[in-house]
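Trainee: Coordinates for the following, if possible.
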Amino acid sequence: MADLFGAATPIDSGHRPLADRLRPKTLGEVIGQRQVLGPDAPLTVMLDGGALSSLIFWGPPGVGKTTIARLLADETDMHFVQISAIFSGVPELRRVFEAAKMRRQNGQGTLLFVDEIHRFNKAQQDGFLPHMEDGTILLVGATTENPSFELNRAVLSRAQVLVLERLDGEDLENLVVRAEAELEMTLPLQPSARQNLLDMADGDGRALLNLIEQIASWKVDAPLDTAALGKRLSKRAAQYDKGGDEHYNLISALHKSVRGSDPDAAIYWFARMLEGGEDPRYLARRLVRMAIEDISLADPQAQAVCLQSWDTYERLGSPEGELALSQAVIYLALAPKSNANYVAYKAARNAAKATGSAPPPKHILNAPTGMMKELGYGTGYAYDHDAEDAFSGQNYFPEGMERPALYQPVERGFERDLKKRHDYFAKLRKQRES
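Mentor: Take a look at the predicted model:
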């Protein structure tokens with residue numbers, strides 16, 4: 001099956017998969033995706049205006065990408081051609097384009113559906129452009145990866161990206177009801193087990209129909225409870241690609257939950273990544289970064305906690321070592337927050353770029369040779385330990401450079417004490433200057 005309800009009809013008419021039997025015949029029968037198919041939604045507006053453009057469907061598996069593309073071809077009386085970027089190469093693309101040209105000459109358009117379009121390289125993607133521009137094909141691409149990163153700008157500029165979402169609980173329940181009507185039976189499940197079935201599908205309509213088809217074949221004396229269902233069916237693995245969008249989405253969720261001081265959300269996203277197969281060492285490294293970027297000197301101990309947890313993981317290994325990392329997650333979430341160091345560092349880098357090769361003032365340069373002394377190196381330097389409060393208040397920036405205010409400590413955690421020192425030395429500096 002290519003997608004939700006999108007399987008090609010089997011040659012053997014004796015058995016048709018449930019997903020194929022339930023495939024919608026019109027766009028109005030599609031379950032879910034109201035954001036693209038509802039009133040005033042993009043596809044509805046395009047079809048009503050008779051101006052369907054090339055499209056990129058971006059979404060997880062089993063949400064109807066192939067089905068909607070097929071129905072769009074029906075709605076616009078276009079010939080539907082489906083290829084997969086995984087199995088197709090340049091020779092097949094040429095044959096597709098030539099056939100589309102012949103149809104165009106005969107007055108019929110071609111809707112070319114390209115599954116996993118992100119698998120095509122840049123040259124192959126560029127090959128679509130002239131045929132999109134002259135109307136030989138209307139391209140509908142499907143991808144589970146972020147088009148911004150995976151597709152050429154030229155293709156994206158000629159197509160509208162529509163986001164298809166995983167099916168929610170209501171959508172999945174509607175799909176179960178439709179399947180029961182087709183099968184002419186009620187699934188032998190207790191209410192809790194029925195809900196568990198929806199959870200197992202994890203937003204994937206095609207996966208749900210496959211599970212329903214298995215359940216429908218069972219011979220049971222009474223409705224099954226959750227435990228009995230769990231013994232007969234394995235929970236579907238969560239959608240997670242360590243190199244794809246979900247990886248970056250989940251680490252972003254973890255980082256922002258820590259930054260937002262929400263330990264429950266932070267530990268949840270941490271667990272989600274582990275369940276998806278993420279390398280605990282990657283998470284350990286990112287936790288250290290969070291300690292430096294979002295906590296920093298508000299709690300200097302946070303960095304040490306992360307490094308100790310990482311070291312503990314290396315000594316214990318999995319699965320015990322993950323508990324040390326989860327301890328660091330909770331510590332970071334509850335620690336006082338400050339990005340003053342992060343802001344100061346970025347500002348300092350910008351100031352360094354702006355001032356180029358401006359040298360330090362001569363009074364803070366060493367003068368190991370007589371010539372350097374004659375040039376004024378070290379002249380006027382005040383040894384801070386000899387000064388009142390061990391603070392001379394001298395200028396250490398390049399001569400002529402206006403003194404920037406880079407580090408601005410916050411009134412939180414240990415940095416509250418640092419702010420007192422910072423403000424104290426700033427006050428003394430003004431006094432010494434005057």
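
Trainee: only C-alpha atoms for contact and neighbour calcs from this point on.
Mentor: Will do.

Trainee: tell me the domain boundaries of the chain?
Mentor: Residue ranges for each domain of the chain read 18-163, 169-232, 258-334, 355-433, as given by automatic domain parsing.

Trainee: Make TSV out of those domains and add distance to residue 248.
Mentor: Shown next, in TSV, are the domains of the chain (distance: least, Cα to Cα, whole Å):
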stretch	distance to residue 248
domain 18-163	11
domain 169-232	19
domain 258-334	10
domain 355-433	29
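
Trainee: Highest mean neighbour count across the ones you listed, which stretch is it?
Mentor: Neighbour counts (mean count of other Cα atoms under 10 Å) averaged over each of the domains of the chain peak at domain 258-334, with a mean of 19.

Trainee: First-to-last residue distance for it?
Mentor: The first and last residues of domain 258-334 sit 8 Å apart, counting by Cα to Cα, to the nearest Å.

Trainee: ok, now how distant is the most centrally placed residue in the chain from residue 364?
Mentor: With distances taken as Cα atoms, centre = their mean, residue 249 lies nearest the centre of the chain, 2.8 Å away. Distance check for residue 249 against residue 364: by Cα to Cα, it reads 48 Å.

Trainee: Residue 173 too?
Mentor: Note on residue 173: its distance to residue 364, by Cα to Cα, is 74 Å.

Trainee: start to end distance for stretch 290-304?
Mentor: With Cα to Cα applied, stretch 290-304 spans 12 Å between its terminal residues.

Trainee: Stretch 99-112 now?
Mentor: Across its full length, stretch 99-112 reaches 11 Å between end residues, using Cα to Cα.

Trainee: Tell me which stretches of the stretch 151-300 of the chain form strands.
Mentor: Counting by DSSP state E, counting those that start in this stretch, the stretch 151-300 of the chain has these strands, from start to end: 160-163.

Trainee: Excluding sequence neighbours, find me the nearest residue to residue 32.
Mentor: Nearest residue to residue 32, sequence neighbours excluded (Cα to Cα, 6 or more residues apart in numbering): residue 171, at 5.7 Å.

Trainee: correct me, but that neighbour touches residue 33?
Mentor: No: in this structure, residue 171 sits apart from residue 33 without contact. The criterion is Cα atoms under 8 Å, and the distance is 9.3 Å.

Trainee: which ones are touching the closest residue to residue 166 other than its chain neighbours?
Mentor: With sequence-adjacent residues excluded and distances taken as Cα to Cα, 6+ apart, residue 166 is closest to residue 203, at 4.7 Å. Listed by Cα atoms under 8 Å, 6 or more residues apart in numbering, the contact set of residue 203 reads 62, 63, 166, 167, 168, 169, 172.

Trainee: Pick out the most distant pair among the residues you listed.
Mentor: Farthest pair in the contacts of residue 203 (Cα to Cα) is 62 and 169. Separation: 14.4 Å.

Trainee: Quickly list what residue 113 is bridged to.
Mentor: Beta-bridge partners for residue 113, by DSSP bridges, are residue 82, residue 140.

Trainee: For the residue nearest to residue 25 when sequence neighbours are not counted, give me phi and psi.
Mentor: Distances taken as Cα to Cα, 6+ apart put residue 71 closest to residue 25, at 7.2 Å, once the chain neighbours are dropped. Per-residue torsions, residue 71: phi -70, psi -30 (degrees, to the nearest 10).

Trainee: Now do the contacts for residue 71.
Mentor: For residue 71, the residues meeting the contact criterion (Cα under 8 Å, 6+ apart) are 25, 26, 27.

Trainee: just residue 46 next, same as before
Mentor: Taking Cα under 8 Å, 6+ apart as the contact definition, residue 46 lies against 52, 53.

Trainee: give me that answer again for 7 Å
Mentor: With Cα atoms under 7 Å, 6 or more residues apart in numbering as the criterion, the residues that contact residue 46 are residue 52.

Trainee: helix/strand/coil for it?
Mentor: Reducing the assignment at residue 46 to three states with DSSP: H, G, I helix; E, B strand; the rest coil gives helix.

Trainee: ok, now how distant is it from residue 81?
Mentor: From residue 46 over to residue 81 (counting by Cα to Cα), the distance is 20 Å.

Trainee: before we move on, what about residue 95?
Mentor: As judged by Cα to Cα, residue 95 and residue 81 stand 11 Å apart.

Trainee: before we move on, what about residue 320?
Mentor: In terms of Cα to Cα, residue 320 sits 52 Å off from residue 81.

Trainee: Residue 185 too?
Mentor: When residue 185 is compared with residue 81 (using Cα to Cα), they lie 36 Å apart.

Trainee: repeat for residue 72
Mentor: As defined by Cα to Cα, residue 72 lies at a distance of 12 Å from residue 81.

Trainee: do the same with residue 121
Mentor: For residue 121, the distance to residue 81 (Cα to Cα) stands at 20 Å.

Trainee: Residue 88 too?
Mentor: The value you get for residue 88 to residue 81, if Cα to Cα is used, is 13 Å.

Trainee: try residue 427
Mentor: When Cα to Cα is the yardstick, residue 427 and residue 81 sit 75 Å from each other.

Trainee: Equivalent analysis for residue 296, please.
Mentor: The gap separating residue 296 from residue 81 is 56 Å, by Cα to Cα.

Trainee: Kindly report the same for residue 355.
Mentor: When Cα to Cα is applied, the distance between residue 355 and residue 81 equals 59 Å.

Trainee: For the stretch 301-434 of the chain, which segments are assigned as strands?
Mentor: In order along the chain, the stretch 301-434 of the chain carries no strands (DSSP E, counting those that start in this stretch).

Trainee: what stretches of this structure score poorly on pLDDT?
Mentor: Along the chain, segments meeting pLDDT under 70 span 1-14, 234-245.

Trainee: surely residue 378 meets residue 367?
Mentor: Yes: A contact is recorded between residue 378 and residue 367 when judged using Cα atoms under 7 Å, the distance being 6.0 Å.

Trainee: Quick check: nearest residue in space to residue 294, chain neighbours excluded?
Mentor: Once flanking residues are discounted, residue 294 sits nearest to residue 339: 5.0 Å by Cα to Cα, 6+ apart.
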